[in-house]
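Trainee: Turn this into a structure:
(2 chains)
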Protein chains: 2
Amino acid sequence: MSNQVFSPQVAALIPLFYIGWSDSVLSPSEVLLLQKKIIAFNWLNENDKNMLLEWCNPKSPPSDELQQKWLSSIKKTASKINSEERQSLVSLGIEMAKTQFDNHDWLTADVVSALNELESAVGLVSLEMHTHILNYEQIQKERHFVLDTSNINVTSLQKILDDDYSDIRKRVFKVLHDPMFSLQTIRNKEEYREQVLKWCKMLANQGFGALHFPEIYGGDNNMGAFASVFETLGYHDLSLAVKFGVQFGLWGGSVLWLGTKKHHEKYLKDIGTLELPGCFAMTETGHGSNVRNCETTATYDQDKDEIIINSPTLSSGKDYIGNAAVHGQMASVFAQLIVNGENHGVHAVLVQLRDKKGNIGKGIKIEDCAYKLGLNGVDNGRIWFDNVRVPRFNLLNKFGSIDQNGIYSSPIKSESRRFFTMLGTLVGGRLCVPRAGLSAAKSSLTIAVRYALKRRQFGEQGKPEMLIIDYPSHQRRLMPLIAKAYALDFALTYVTKRYCNSNEEDMREIETLAAGLKSEATWFTTSAIQICREACGGKGYLAENRFADFKADSDIFTTFEGDNTVLMQLVAKGVLSEFNKEVTGNGIMGMVNYVTKRFVSTIREKNFVNTNNTDEGHLRDPEFLLDAFKYRLEDLSVSVGQRLRKFKKKGLTTYNAFLRCQNHILEVAKAYVDYIVLEQFVVQVNQCSEIDLRKTLKLLCDLYALHTMELNKGWYLEQGCVSGSKTRAIRRLVDKLCKEVRNDAFCLVEAFGIPDECLSAPIANYS
Amino acid sequence: MSNQVFSPQVAALIPLFYIGWSDSVLSPSEVLLLQKKIIAFNWLNENDKNMLLEWCNPKSPPSDELQQKWLSSIKKTASKINSEERQSLVSLGIEMAKTQFDNHDWLTADVVSALNELESAVGLVSLEMHTHILNYEQIQKERHFVLDTSNINVTSLQKILDDDYSDIRKRVFKVLHDPMFSLQTIRNKEEYREQVLKWCKMLANQGFGALHFPEIYGGDNNMGAFASVFETLGYHDLSLAVKFGVQFGLWGGSVLWLGTKKHHEKYLKDIGTLELPGCFAMTETGHGSNVRNCETTATYDQDKDEIIINSPTLSSGKDYIGNAAVHGQMASVFAQLIVNGENHGVHAVLVQLRDKKGNIGKGIKIEDCAYKLGLNGVDNGRIWFDNVRVPRFNLLNKFGSIDQNGIYSSPIKSESRRFFTMLGTLVGGRLCVPRAGLSAAKSSLTIAVRYALKRRQFGEQGKPEMLIIDYPSHQRRLMPLIAKAYALDFALTYVTKRYCNSNEEDMREIETLAAGLKSEATWFTTSAIQICREACGGKGYLAENRFADFKADSDIFTTFEGDNTVLMQLVAKGVLSEFNKEVTGNGIMGMVNYVTKRFVSTIREKNFVNTNNTDEGHLRDPEFLLDAFKYRLEDLSVSVGQRLRKFKKKGLTTYNAFLRCQNHILEVAKAYVDYIVLEQFVVQVNQCSEIDLRKTLKLLCDLYALHTMELNKGWYLEQGCVSGSKTRAIRRLVDKLCKEVRNDAFCLVEAFGIPDECLSAPIANYS
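Mentor: Just a heads-up that it's a prediction; the model follows:
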């Protein structure tokens, strides 16, 4: 492209394009406008038009090299002309063209006025685009009224939260700020679904849908960036986030991770552009959590070299499947693969559901899930297959394939290990869901804090009414939530990173971490949004103030991508088996050694020395806090281990022994997640180099840790490792820290970096 | 009426009417059908028609005397004719007419066929009406599959829950079972509001709206029955319940309780029939909880003998007002009453908002609150008044009036006492809200339990999958909720009764009880519905399974009729002032005496003796449980009293002293409510005479009490009055009781008595 010859008309447009791309995004409205104008300009030849249209394509933006070239030629010209002419991009462009071309015949009055028109049109869009920057400056000013005690550097704090993904987030926010994305109340599900599909297409046009795909299929091989896009969409509309996740994460992910090159070549590009909408058909009506026992069959018919997909019962229908009710053309169908009469366990097979016109294929029955509690912009449906035949090619065969002789083979011999390895590749989705949920929680917190900083009610007689944020009860409701939102953010970033850089050895632990954090974060989301809604009283109940949608849409997050209670049992099993390896390497004596050596000496002893220590320095010492969390985890693990052993000695099966200890086991999982979250928070505090910011992070970390200890004080007291006077001291300290966080509350939610047009709630405005 | 002379045609219809009224309700569809037919019958004269139409009026049903007369003449005839003829109501009626009238000319073939047609038409409706009885029988059969260990007498248990209001509940359920009330998904708020208005009118036609009004205004002077109607509507559609409550409870209640005879005569009848829809305009945008400082003014203009209603600021607009956006014609407007320049505090004044055609009055501005999180069948709106003039007559003057000379007077001298007395009369609403909320929670529990009794997932290899209700974690989620639903039901019934029979001395305590139970029960509702939704997984997320509406509609219950956190502070102040009276009668020494005498000796001592007692008999001894609850209440009260005193000694104002102790104070309120709820549960157990049922109630009571103790074990351990081994024993016992309750779970939710057509959720069906 860099070697192309410009015509003078194109040269005159370069400054406009350079500025348009300066923040590396052209939003859908800008693209549309430019395309329309360029096509209409009869003073451009076809070559010019094609080149300019290429420069408008957000999926292949002008290269950095080209943009550098533009910049240097702009600079060269700009330095020569007077400052008045420089103010207009058009006059600058014309000057540039004039210096490069001797013939000035092209420069008619019509062309000049067309160029000026274009500049002002793009300018309007761009201004509209950037109002959130203006708003933010206004807010910065307002801040001085609201609170002048906080001197948190919001920008630096936001950078810590953004981690490596500031740029992609900014790009997504710029697109979401496009007028085409403005939030609407669409009550009718059919309309809403079409709106969300349109939005998804615009996102695909920006290349967001394929970020995790290999570059040859339009992607960037960047799962971290993909997860950040999903998370950022959570600030806008969760139906959009989920539809996006279904299409690119689940449907695309199944082809990417479970398929092989032949499938990638045939499908990935069209999936990434949303040319080929599809479904991830795993869950069945009768089998939600217990996927391994799903009833759908995929039977290989050697005679015809085809696979027959069948739903033997009503309850074996695929249920709640996103994209199924209306838009999906294909599906990855999870089914028991039967080859030559032998069941090799669950595999995924591609099935065409509809043609491009939407006609449903023979033998396929689809039902609409109709209205749901939320996410009504997603077309969930049920699918039944009546002996539907597909070619052998359609088996996604990374972990199990059938050769031309009808022989099944797999790189993983054990059916059980194969099943869990397959599911393990899909753990990315399990990390996306809690991140988008956390976005909804952060939006809720931002709205609730801003409202609490202007809402006044009651007060001392004769004085102005009090800001509700100054009530200790209000601080107790909101401040621990802010601390925990930070805590979970850091933990989720940590696990996402580990997932992006994982190798096979890591996977088991990453799955445990993902399952635990998914549960903890989505439960947090449900309760945080609820508390924020209540903290905004009647105003919080109005749909315009957003809690309605946050609540309804995120509610299912505790269930899908794995029911939280089921996941927490997986977490506990992961923890206990790790623990067991370490403890029982030497049989029962290993256990005894462990308890006396490591457990008692390092944790228990330290804690017991400090049973009555109520000193603030001690209570806020990360070593004490980490020890206390670890103590809870290890003590619960040891005691559940002992109980399991006892039940097994009594002759119970492993299944029944676990069942008897189920509630105890769930406590182990909670203790594990709490410990991981604190550990990562402490890491963040330690690696922060700005002293003021580090103090702020430590304050939040301490509040998170002490508040969590307070919630579990019954357990700690029961163990006798803290005294009543110590838990009382913790309560008082939590009160105190809540009050301190209150002073930074505005900046702390500001650092979540949610643009006003995403919040959109009138009660969060400064007016 | 009983002296009226029948024509033979009417006599022939008597058996039909007798059967129609046999369950004391004619449902809207039956009424409509009968009216239409009667008017169309050209073989009836005008007199006949009028008499029959009167017999169709649900607001003045045929008297008991008349129905007795019908019965005896039916019996007389029936005994004479053969059994075949008896099977048809029409042949029976004709026989009756024949024996009473010699001339049989009226008996043409046309008349006979018209009568037969009428019978079969009414029969169809009635059959449809009674399918829920059929369904129930089917379920009773199914029960034997589901569970045969429980032998709870569901009918007796339901009677205990229904208390004195079985009949009114049955009548409401029959009306709700009318096809005209079948539940629909109406997403559009305008349509939904009209549907709810229509429903409300049908309920008014049944006389339900005026039950709490005096008899001369169409009522029955029966606040308890009115509250039961409201609660029962909560099983159907909470928009309907709230609209009903706004019109009859709030708007009607304001005229009834704050107005005087002249207002009653002019308005009550039309309010009770919904001829005059109106609003309760109390809350302002700027003043939700702090009503006493509302900004709207009502200034008396002596020259014109008028009152001028004015909203001085934007934030003084009346907000969230039900019936305001569309249907309300009048409003009770709460405003600062200024007479002759003096502010006498908040009073209510009637203002015409719209004429019958819906034209809004001069000087009045109304805005629609638009879509809300839920309750979209209620037309909430905002109202501003620009110096709107109304006659002096319109002041609701029970607690403060202006005479013809423009002199203000009140039976209550203190402005503060007057304000609280006025609000106190409205406490009925505060009791209705938690009852309807509890209905939604009970519906959710019924659905979740029935689902858990048929849903299977996972299990031991080679065996059928397990019912999810058999997982200890599932039992832990649902069983304590069932116990608490019973607990709250009994407590709410107790307080409603005290309210219905209250005198002035009681009122302070009843207000405290109502505020506390409203908060506790509505918080319970929010969390119970959430837990039930999650317990039903993806199925719970489908709109058809009802949790969507239960959640959305009941969400505001924690805010309206008094924000829970604000109410709990009132509760604590009520408790502390009572406590204070007792304790500090003799100054600070009274306190010391109290602590040493009553508190330590009766509670602490008993508890400490049993610090380590983990015996089940002890743990389930109501005396221990009541003592433990009372100990928590009294210890928290004493300690907060000491802290308040300390702060006041340091020179803090009362307001600031309370502010400093706010979280502590809220704990007092919670402890109070917990104690009251347990106390009433124990009363119910003790007064139950059926031994088996008593055991069941005690099981639920113990689970409620021990689970509540477990939730507060941190506090108990902190105090040192229970040991760790005791709290561990409590945990094990709660697990065990959950398992026991699981065996009765089906019957326990069945006894809530919710008809299937109200539940309506497909996952709750037996199929």
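Trainee: from the middle of its chain, how far away would the helix or strand harbouring residue A:678 be?
Mentor: Secondary structure assignment for residue A:678, by DSSP states H and E: helix A:662-687. Centroid separation for helix A:662-687 versus its chain: 20 Å, with Cα atoms, centre = their mean, to the nearest Å.
Trainee: Ramachandran angles for the residue nearest to residue A:7 when sequence neighbours are not counted?
Mentor: Spatial nearest neighbour of residue A:7, chain neighbours left out: residue A:48 (5.3 Å); criterion: Cβ to Cβ, 6 or more residues apart in numbering or on different chains. For glycine as for every other residue, the C-beta is placed from the backbone atoms N, C-alpha and C. Main-chain dihedrals, residue A:48, degrees, to the nearest 10: phi -60, psi -50.
Trainee: Now do residue A:48 against chain B, distance only.
Mentor: Separation of residue A:48 from chain B (Cβ to the nearest Cβ, to the nearest Å): 49 Å.
Trainee: wait, what's in contact with the residue nearest to residue A:89 when sequence neighbours are not counted?
Mentor: Distances taken as Cβ to Cβ, 6+ apart put residue A:15 closest to residue A:89, at 4.3 Å, once the chain neighbours are dropped. By Cβ atoms under 8 Å, 6 or more residues apart in numbering or on different chains, the contact list for residue A:15 reads A:70, A:74, A:89-90, A:92-93, A:96.
Trainee: what about 7 Å?
Mentor: A:74, A:89, A:92-93 (Cβ atoms under 7 Å, 6 or more residues apart in numbering or on different chains).
Trainee: Please apply the same query to residue A:185.
Mentor: A:543, B:371.
Trainee: does it sit in a helix, a strand or a coil?
Mentor: coil (DSSP: H, G, I helix; E, B strand; the rest coil).
Trainee: got the phi/psi numbers for it?
Mentor: phi -90, psi 100.
Trainee: Please, which helix or strand holds the most centrally placed residue in chain A?
Mentor: When Cα atoms, centre = their mean is applied to chain A, the residue found nearest the centroid is residue A:231 (3.0 Å). Taking DSSP H and E as the criterion, residue A:231 maps to helix A:223-233.
Trainee: Need the residues that contact that helix.
Mentor: With Cβ under 7 Å, 6+ apart, helix A:223-233 has contacts from A:164-165, A:168-169, A:172-173, A:208, A:211-212, A:240-241, A:244-245, A:249, A:428, A:431-432, A:435-436, A:439, A:496, A:500.
Trainee: Out of the residues you listed, which end up buried?
Mentor: Neighbour-count burial (16 or more other Cβ atoms under 10 Å in any protein chain shown) is assigned, among those, to A:165, A:168-169, A:172-173, A:208, A:211-212, A:240-241, A:244-245, A:249, A:428, A:431-432, A:435-436, A:439, A:496, A:500.
Trainee: Name the residue of the stretch 101-250 of chain A that lies nearest to chain B.
Mentor: Nearest residue of the stretch 101-250 of chain A to chain B: residue A:187, at 4.3 Å (Cβ to the nearest Cβ).
Trainee: So the residue nearest to residue A:657 when sequence neighbours are not counted: helix, strand or coil?
Mentor: Sequence neighbours aside, residue A:647 is the residue nearest to residue A:657 in space, at 3.8 Å (criterion: Cβ to Cβ, 6+ apart). Three-state assignment for residue A:647 (three-state DSSP): helix.
Trainee: likewise residue A:337?
Mentor: strand.
Trainee: hmm, back to that, quick one, what contacts the residue nearest to residue A:7?
Mentor: Here residue A:48 is in contact with A:7, A:9-10 (criterion: Cβ under 7 Å, 6+ apart).
Trainee: So which of those are in helices?
Mentor: Judged by DSSP state H, these include A:9-10 as members of helices.
Trainee: Could you export the contacts of residue A:48 as CSV, including distance to residue B:263, pLDDT and neighbour count?
Mentor: Below are the contacts of residue A:48 laid out as CSV (distance: Cβ to Cβ, whole Å; pLDDT from 0 to 100; neighbours: other Cβ atoms under 10 Å in any protein chain shown):
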residue, distance to residue B:263, pLDDT, neighbour count
A:7, 85, 85, 16
A:9, 81, 87, 21
A:10, 81, 88, 21
